[in-house]
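A.B. asks: Got a predicted structure here, sequence first:
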Amino acid sequence: MKEHFFQCPYCWEEISVLLDTSVSKQTYVEDCEVCCNPIEITVAFQDGEMIQFEALNLEQ
């Protein structure tokens with residue numbers, strides 16, 4: 001597991017998520033720990049290193 005910090009696309013606060021580096025590509029929804037809005041997170045790893053990270057506003 002790897003902790004990653006990013007800005008919430010709703011409230012712009014810095015939040016963190018724990019990411020599983022053993023899964024090469026994943027997309028899931030997680031609520032912001034500050035404003036509670038849903039964020040679609042897409043992340044990809046190659047050889048244990050993050051190669052892609054997106055945190056999208058689901059209300060766009």
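C.D. replies: Arrived safely.
A.B. asks: Tell me which residue is most central in this protein.
C.D. replies: Ile41 (4.0 Å; C-alpha atoms, centre = their mean).
A.B. asks: shouldn't Cys11 be in contact with Glu33?
C.D. replies: No - between Cys11 and Glu33 there is no contact, the gap being 10.2 Å when judged by C-beta atoms under 8 Å. Backbone N, C-alpha and C define where each C-beta goes, glycine included.
A.B. asks: before we move on, back to that, could you list the buried residues of whichever strand or helix holds the residue nearest to the centre of the chain?
C.D. replies: Secondary structure assigned from DSSP states H and E places Ile41 in strand 38-46. Buried positions in strand 38-46, judged by neighbour count with 16 or more other C-beta atoms under 10 Å: 39, 41, 43, 45.
A.B. asks: What is the nearest of those residues to Thr21?
C.D. replies: Within the buried residues of strand 38-46, distances to Thr21 taken as C-beta to C-beta reach their minimum at Phe45, with 5.1 Å.
A.B. asks: Identify the spatial nearest neighbour of that closest one, chain neighbours not counted.
C.D. replies: Nearest non-adjacent residue to Phe45, counting by C-beta to C-beta, 6 or more residues apart in numbering: Thr21, 5.1 Å away.
A.B. asks: next one: Thr27
C.D. replies: Thr42 (4.5 Å).
A.B. asks: How about Leu19?
C.D. replies: Here the residue nearest Leu19, using C-beta to C-beta, 6+ apart, is Lys2, at 5.0 Å.
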